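Chemist: Quick check, what structure comes out for this input:
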Amino acid sequence: MRFEDIFRKAESAAGATVAVAAAEDQEVLKAVEMAIEKKLGRFILVGDKQSINAIIRQSFPALDQHEAIEFHHTEHSQAALEAVKLVSSGRAGVLMKGHVETSVLLKAVLNKEVGLRTGSVLSHVALFEVPSIGRSIFVTDAAMNIAPDLNQKVQIVNNAVKIAHGTGLKNPSVAPLAAVETINPAMQATLDAAALTQMNRRGQIKGCLIDGPLALDNAVSETAAAHKGITGPAAGNADILLVPSIESGNILYKSLMYFGNSKVGAVISGAKAPIVLTSRADTAESKLYSLALAICTSY
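Modeler: Residues are numbered from 1 along each chain as shown. Okay, here's the model as predicted:
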């Protein structure tokens, strides 16, 4: 599975609509333009219409009065909440962050009256297309949950499995990562990994195959797994890597980007709809990959 496959699947999701909160952003509008060129969906641009139009006319004339674009004018301070309302009301199926602080957008997402709460933990799910291993792999959670306990990890796995199913993976293999492959009472990550594995075998976590604890090499390299005599559904060929903490996830995420030269798209899962919560530093291409991932996994 590559992002070209994700694009094709997103294109086939006819009628997908994305609400962009505070769309007055050059890179966001570039991603919107690229997405429209690929016929990935329709966009409601939420924010100051005059400011958004000024950027469009100067930099993206192809978007000017485009049939796939709709404006929802509002003050900048209200853009996040208005975009969330569009999703919670059913007018849009995906929420995208524009020129707005993450904390502001998440506050709107968690609004008790019009937000997108489900009662589940919100977690970050990233899909990397990794040239060195010739395939794509999910990493979770590298951005939301600092030190998740076992119950939170169950929800993080469920969120990632839902996204994986949306991309076409019917029964993804999940590797809960740790520093070692053996269970060590002094290492909480190994205890949680063993518990998750047993919960999966007993049907408490469905839709995937969990096997752990596994060190990173044994989760992604069949050669490394075979060398240590490790077998199992995730040995050497894991579809989803579950990291034990936000620090390890952040390091792995950025290593894959900067050392591994990987393409990446990411969404926030666990809400009523996928959320594209990219960084302002992310390129338009990365935002496009995230958009495609969100659209093809919208539910």
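Chemist: list the buried ones in stretch 206-222?
Modeler: Within stretch 206-222, the residues scored as buried using 16 or more other C-beta atoms under 10 Å are 207-216, 218-220. Heads up, the C-betas are built off the backbone N, CA and C, glycines and all.
Chemist: which non-adjacent residue is nearest residue 57?
Modeler: Spatially, and ignoring its direct neighbours in sequence, residue 57 is nearest to residue 64 (5.9 Å; C-beta to C-beta, 6 or more residues apart in numbering).
Chemist: returning to what we had before: quick check: the farthest pair among the buried residues of stretch 206-222?
Modeler: Greatest spacing in the buried residues of stretch 206-222, by C-beta to C-beta: 207 and 215 (24.7 Å).
Chemist: still on that earlier bit, can you pull the contacts of the residue nearest to residue 57?
Modeler: Shown in contact with residue 64 (C-beta atoms under 8 Å, 6 or more residues apart in numbering): 53, 56-57.
Chemist: ok, residue 10 to residue 57 distance?
Modeler: Distance, residue 10 to residue 57, using C-beta to C-beta, to the nearest Å: 27 Å.
Chemist: between these two, which one's more packed in?
Modeler: Each of residue 10 and residue 57 has its neighbours counted (other C-beta atoms under 10 Å); residue 10 has more, 25 against 11.
Chemist: Tell me how far the more buried one lies from residue 94.
Modeler: Residue 10 is 10 Å from residue 94, by C-beta to C-beta.
Chemist: Which neighbours do the two have in common?
Modeler: Listed as contacting both residue 10 and residue 94 by C-beta under 8 Å, 6+ apart are 16, 41, 291, 295.
Chemist: Is the first one in contact with residue 68, as I believe?
Modeler: No. Look at residue 16 against residue 68 with C-beta atoms under 8 Å: they stay out of range, at 10.6 Å.
Chemist: Just the strands from the stretch 1-150 of the chain, written as ranges.
Modeler: With DSSP state E, counting those that start in this stretch, the ranges of strands along the stretch 1-150 of the chain come out as 17-21, 42-47, 69-73, 94-97, 123-130, 135-140.
Chemist: Ok, which of those comes nearest residue 245?
Modeler: Residue 245 sits nearest to strand 135-140 of all these, at 12.0 Å, using C-beta to C-beta.
Chemist: That closest one pairs with which strands, parallel or anti?
Modeler: According to DSSP bridges, strand 135-140 forms sheet pairs with strand 123-130 (antiparallel), strand 240-242 (parallel).
Chemist: so which of those is the most packed in?
Modeler: Highest mean neighbour count among those (mean count of other C-beta atoms under 10 Å): strand 240-242, with a mean of 28.
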